[in-house]
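Engineer: Sharing a sequence plus its predicted fold:
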Amino acid sequence: MSQDGRAQTKAVAPPPTAERPKPLGRRERNKQEKRSRIVEAARRLFEEKGFAQTTTLEIAEAADIGTGTLFLYARSKEDLLVLVFKDEMLETAMAAFARLRAEDPLLDQLVQVFDAMASHHERDRDLAKILLREIMFPANDDRLTDIGELMDAIFAGLAALLSTAQAAGILRAEFDPRLVAENLFSNYFMDMLEWLRGLWTKEAFRDRLRQHLAITIDGLR
């Protein structure tokens, strides 16, 4: 470990990957294709018109389906927002994990991943505020499932980094990487809420996040 406490990881664990899926039947392929059209239409209209001004009828028309079909995939416009976010954030997080460099300190790796997530929210902060409210208080089980699947993927990626650090002797081995990942994400989430509320600049957000993450990591050495 260097004198400034910036321990080096020797390898970056790859982001979690699912087992190769079985070939889908025609019915399931049609369902996924409709879901993709719905998510893409919702994403585009939210960006072009704003969340409040977009209607479910407009989304259904843009996706070339009936409103009845739309409600089979999402019960409300808020559910659609969560669907869009789940897909985008999963792509954002997995891309951030894939870009990490093995020679970077663990703290830098964590900041890079969380900064990528925050930058996604920065594109539309008003929409991000609506989204986070819906995430914090899910209205139905389907929305809770979508959020849970996303969080499991993010936690798995963080836990893989932590497990690599434990294997390298950088962190003590007795801590459960999943629990530590959840704790680190909590640091990020609370700091992000304060930033979205306008209490800090983006630079101040990064500084405070780094300090909070460092406190947690230092306690695990």
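Structural biologist: Happy to help now that I have it. Numbering: from 1, shown residues only.
Engineer: Please report the residue range of the longest helix in the chain.
Structural biologist: helix 141-167 (DSSP state H).
Engineer: Which strands and helices lie in contact with that helix?
Structural biologist: With contacts defined as 3 or more Cβ pairs under 8 Å, 6 or more residues apart in numbering; DSSP states H and E, helix 141-167 has these neighbours: helix 77-99, helix 106-122, helix 177-196. Glycine gets a C-beta too; all of them are placed from N, C-alpha and C.
Engineer: want to throw those helices into TSV with distance to residue 217 and mean neighbour count?
Structural biologist: Converted to TSV, the helices and strands packed on helix 141-167 look like this (distance: least, Cβ to Cβ, whole Å; neighbours: other Cβ atoms under 10 Å):
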stretch	distance to residue 217	mean neighbour count
helix 77-99	17	18
helix 106-122	6	19
helix 177-196	8	18
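Engineer: Save these as a markdown table, and put in mean pLDDT and distance to residue 49 too.
Structural biologist: Listed next are the helices and strands packed on helix 141-167 as a markdown table, based on pLDDT from 0 to 100; distance: least, Cβ to Cβ, whole Å:
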| stretch | mean pLDDT | distance to residue 49 |
| --- | --- | --- |
| helix 77-99 | 92 | 12 |
| helix 106-122 | 96 | 19 |
| helix 177-196 | 96 | 21 |
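Engineer: and residue 62, which of these is closest to it?
Structural biologist: Comparing the helices and strands packed on helix 141-167 by their distance to residue 62 (Cβ to Cβ), the top pick is helix 77-99, with 11.5 Å.
Engineer: just to revisit the earlier point, got the helices and strands packed on helix 141-167 as TSV, with distance to residue 52 columns?
Structural biologist: TSV is the format used below for the helices and strands packed on helix 141-167 (distance: least, Cβ to Cβ, whole Å):
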stretch	distance to residue 52
helix 77-99	9
helix 106-122	18
helix 177-196	17
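Engineer: From what I see, residue 74 and residue 84 are in contact.
Structural biologist: No. Using Cβ atoms under 8 Å, residue 74 makes no contact with residue 84, being 9.7 Å away.
Engineer: ok, the spatially most central residue of the chain - contacts?
Structural biologist: Nearest residue to the geometric centre of the chain (Cα atoms, centre = their mean): residue 89, 4.2 Å. For residue 89, the contact set (Cβ atoms under 8 Å, 6 or more residues apart in numbering) comprises 117, 120, 150, 154.
Engineer: if we take those, which one ends up nearest to residue 103?
Structural biologist: Nearest to residue 103 out of those is residue 117 (Cβ to Cβ; 22.5 Å).
Engineer: Pull up the gap between the closest one and residue 145, please.
Structural biologist: For residue 117, the distance to residue 145 equals 20 Å [Cβ to Cβ, to the nearest Å].
Engineer: returning to what we had before: can you say which of the helices and strands packed on helix 141-167 is nearest to residue 46?
Structural biologist: helix 77-99 (6.9 Å).
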